[in-house]
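Engineer: Give me coordinates for this.
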Amino acid sequence: MEKKKKSTFQKITNVFVWIMILATIGSLVFGAISSLGLMG
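Structural biologist: Residues are numbered from 1 along each chain as shown. Predicted coordinates:
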């Protein structure tokens, strides 16, 4: 396993993965809050 060559690429990949996960969760939470706000 060549960790030094893949470290930068893995960091960038992890950042994009976390951004996608947070964006998905954020949109779901925002949708739930907005729907509750409309119903409330």
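Engineer: give me the low-pLDDT residue ranges for this structure?
Structural biologist: Scanning the chain for pLDDT under 70 picks out 1-5, 40.
Engineer: What are the boundaries of the helices in it?
Structural biologist: For the chain, applying DSSP state H gives helices covering 3-39.
Engineer: Near residue 32, how many residues? Count them for me, please.
Structural biologist: Using other C-beta atoms under 10 Å, residue 32 has 10 other residues around it. The way it works is simple: take the backbone N, C-alpha and C, and place the C-beta from them, glycine included.
Engineer: before we move on, what about residue 30?
Structural biologist: 10.
Engineer: for residue 11, same thing?
Structural biologist: Neighbours around residue 11, by other C-beta under 10 Å: 10.
Engineer: With residue 23 instead?
Structural biologist: A count of nearby residues for residue 23, using other C-beta under 10 Å, gives 10.
Engineer: cool, and residue 21?
Structural biologist: By the criterion of other C-beta under 10 Å, residue 21 has 10 neighbours.
Engineer: How about the contacts made by it?
Structural biologist: Counting by C-beta atoms under 8 Å, 6 or more residues apart in numbering, residue 21 touches no other residue.
Engineer: Could you measure from it over to residue 9?
Structural biologist: 19 Å (C-beta to C-beta, to the nearest Å).
Engineer: Kindly report the same for residue 24.
Structural biologist: Counting by C-beta to C-beta, the gap from residue 24 to residue 9 is 23 Å.
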